[in-house]
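Chemist: after the sequence you'll find the predicted model.
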Amino acid sequence: MHEMSLAEGVLQLLEDAARREKFTRVTAVWLEIGRLASVEREAMAFCFDAVTRGSLAEGARLEFVETPGSGWCMACAKTVAIEALHEACPDCGSYQVQVTGGTEMRVKELEVDS
Amino acid sequence: MCTTCGCASGETRIEGDALGHGHAHDHSHAHAHDHAHAAGPAYVPAQGHSHMHYAPAHAHAPGLSPSRMVSIEQDILAKNNAYAASNRQSLAARGIYALNLVSSPGSGKTTLLVKTIDMLHGRLPIAVIEGDQQTSQDAERIRATGAAAIQINTGKGCHLDAHMVGHAFGKLPMPEGGVLMIENVGNLVCPAAFDLGEAHKVVILSVTEGEDKPIKYPDMFAAASLMLLNKCDLLPYLNFDVDKAIAYARRVNPDIRVIRTSATSGEGMADWLAWIEAGVVKARGLQPNLQPLPA
């Protein structure tokens, strides 16, 4: 995925929230990144650091919360836990798995100073 | 940074101009300010959340701001998705069928587009938005066919996004009741995640690239509705396994439609045009007041 664009997206959300909630500094950001999301944590941390320099979130701590990957296996007719996209069902080996969870990339919450 | 709305448009240029705005934006700014502290704890608990910060009044020094938690619960790509939704509405209002063409660099997208325009010319209104890091070579090639084209240069950017494309709408004679082709930056990775407001993504894979591309770059093939297997006129000179390529594409996307094409020999072009025209009919169906197409 594109961590630099994502980091810019996060900063935009922070700036919008700052206007809405009237705070001036962000000291920590919790990102909810699904297990199946194409986000590389180190790249994300690096880009976040670069993008927030000089902003209201400069020096903010970045925390990751991972949500598990899940998919509906059409062959098994049940939900299975999956570790990666486009891989076979861990139980039956079929590729007909529709992802049902774990691709999220969200800003969950912030720690801010008013 | 876009100076009107503060969005990160970086070095994006449309026909040489940096992004400016004709439409209104909320210009409120966050201001740093002194504030008096009320007595008592000052925290905003986040939803369903265990690590709250509690700042008892007697413990914090006057003049220091207490920390609090603010719940956001928003998709990181929310802004792009909002612009994409707005683009989609704009297109629907004019009955325009928009396609986002994605591929590696060198797959033959532009040549295929030129051939498509030549074969469509007169039957349907058509315009093209071109995306490249630098140069307006592609837009110029399209214009040489007589169709309207606009070039977006992303500078260092590796994909088009909905914000840039929305800006381009304002600078292009939009093909009412026709088709808008958006030729994305040549890149099999990043454009997959960026909704531009299109009806479909069309992935172009040329037979000189290797049949395993769909499983090596699965996100792109999963995001596309149609795969054009291009440069088929070269098959006699290659060891390319067409069936394998299609099987791989169907593994990552069971619903993907596949058309074998060649801009050079004309193979598959009729099917590709029929697919486009079916989409145009659907898009026009949403806007019954449009001028009828020439017979």
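Modeler: Here it is on my side, so go on. Keep in mind that what you see is a predicted model, and the values were worked out from it rather than measured. Numbers count the residues shown, from 1 in each chain, chains lettered A, B, ... in the order given.
Chemist: quick one: the strands in the chain?
Modeler: Using chain A. Taking DSSP state E to define them, one finds strands in chain A at A:25-34, A:61-67, A:70-73, A:78-81, A:97-101, A:105-113.
Chemist: wait, chain B
Modeler: Counting by DSSP E, the strands of chain B are B:13-14, B:17-18, B:67-75, B:97-103, B:126-132, B:148-153, B:179-183, B:200-206, B:226-230, B:257-260.
Chemist: tell me which of those strands sits nearest to chain A.
Modeler: Chain A sits nearest to strand B:67-75 of all the strands of chain B, at 4.4 Å, using C-beta to the nearest C-beta. The way it works is simple: take the backbone N, C-alpha and C, and place the C-beta from them, glycine included.
Chemist: neighbouring strands for that closest one, and are they parallel or not?
Modeler: strand A:105-113 (antiparallel) (DSSP bridges).
Chemist: residues near whatever residue of the stretch 101-250 of chain B ends up closest to chain A, how many?
Modeler: Across the stretch 101-250 of chain B, no residue is closer to chain A than B:P218, which sits at 4.2 Å (C-beta to the nearest C-beta). A total of 20 residues lie near B:P218 under the criterion other C-beta atoms under 10 Å in any protein chain shown.
Chemist: circling back to that earlier point, is it possible to get JSON lines of the strands of chain A that adds distance to B:R250?
Modeler: Listed next are those as JSON lines, based on distance: least, C-beta to C-beta, whole Å:
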{"stretch": "strand A:25-34", "distance to B:R250": "25"}
{"stretch": "strand A:61-67", "distance to B:R250": "28"}
{"stretch": "strand A:70-73", "distance to B:R250": "17"}
{"stretch": "strand A:78-81", "distance to B:R250": "21"}
{"stretch": "strand A:97-101", "distance to B:R250": "14"}
{"stretch": "strand A:105-113", "distance to B:R250": "27"}
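Chemist: for B:P292, find the nearest of those strands.
Modeler: strand A:97-101 (40.6 Å; C-beta to C-beta).
Chemist: buried ones in that closest one, by neighbour count?
Modeler: Using 16 or more other C-beta atoms under 10 Å in any protein chain shown as the burial criterion, the residues of strand A:97-101 that qualify are A:97, A:99, A:101.
Chemist: ok, the residues you listed vs chain B, which is closest?
Modeler: Closest to chain B, out of all of the buried residues of strand A:97-101 and judged by C-beta to the nearest C-beta, is A:V99, at 9.4 Å.
Chemist: tell me the confidence at the closest one?
Modeler: For A:V99, the pLDDT comes out at 92.
Chemist: give me the number of residues near the spatially closest residue to it that is not a sequence neighbour?
Modeler: In space, and not counting its chain neighbours, A:V99 is closest to A:G71: 5.0 Å by C-beta to C-beta, 6 or more residues apart in numbering or on different chains. For A:G71, the count of nearby residues is 22 (other C-beta under 10 Å).
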